[in-house]
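*Asks:* Turn this into a structure:
(one chain, ligands or ions: 1)
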Amino acid sequence: MASLEEIMATQPIDFVQLTYNIADREPEQRLLPLAKERGIAVIANRPFRRGALIGATQGEPLPDFAAEIGAETWPKLLLKFIVSHPALTVAIPATRSVSHVRENMAAARGPMPDAEMRRRMAAHFDDL
Ligand SMILES: NC(=O)c1ccc[n+]([C@@H]2O[C@H](COP(=O)([O-])OP(=O)(O)OC[C@H]3O[C@@H](n4cnc5c(N)ncnc54)[C@H](OP(=O)(O)O)[C@@H]3O)[C@@H](O)[C@H]2O)c1
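*Replies:* You can find the predicted model right below:
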């Protein structure tokens, strides 16, 4: 069976859905650059690793630089990391809570991290 990369490289597809988040950054190597090059929209699923990233950051202080990107909560910071990737079109966080829907949607507004800030975010997360 053809790999996702092969399909993306050869087929006239409009969008792909893949797992991408601050802990699962492997798509940055090949799939996301390929999507950008081919004009393929990207949906990021499991933005919170099925909730595991919420648990991993709970109780951890936000980094000082979070204020620079308007992230006053960890869920917003985690979503801003995803949607600020230049190849990303949308992230699809799952929630059963209306207040979480509002919080998650707010991550699409305000300042977005640039490439250097994204590196700082990933490094900070890796050190948690
Ligand atoms: N097509 C595919 O191959 C595929 C594969 C995987 C996933 N998906 C889709 O991707 C979407 C997300 O997947 P997922 O459920 O695996 O994981 P997820 O979105 O990474 O994590 C969901 C978890 O995060 C919590 N959460 C969400 N917003 C929060 C917030 N603001 N603050 C605190 N906790 C928050 C939720 O709890 P609360 O309910 O308490 O907010 C839930 O436990 C779903 O729509 C799923 O159908 C598709």
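*Asks:* Now R120: closest residue in space, sequence neighbours ignored.
*Replies:* Sequence neighbours aside, F65 is the residue nearest to R120 in space, at 6.0 Å (criterion: C-beta to C-beta, 6 or more residues apart in numbering). Glycine gets a C-beta too; all of them are placed from N, C-alpha and C.
*Asks:* typed the wrong thing, it's I13
*Replies:* Closest residue to I13 apart from its sequence neighbours, by C-beta to C-beta, 6+ apart: I40 at 6.0 Å.
*Asks:* for the residue nearest in space to the middle of the chain, phi and psi?
*Replies:* Most central residue of the chain, judged by C-alpha distance to the mean C-alpha position with C-alpha atoms, centre = their mean, is I82 at 1.7 Å. Main-chain torsions, I82, degrees, to the nearest 10: phi -70, psi -60.
*Asks:* same deal with V90?
*Replies:* The phi/psi pair for V90 (degrees, to the nearest 10) is phi -160, psi 150.
*Asks:* Figure out the helix or strand that the nearest residue to it once chain neighbours are set aside lives in.
*Replies:* Leaving aside its sequence neighbours, V90 sits nearest to I43 (C-beta to C-beta, 6+ apart; 5.5 Å). When elements are defined using DSSP states H and E, I43 is found to belong to strand 41-45.
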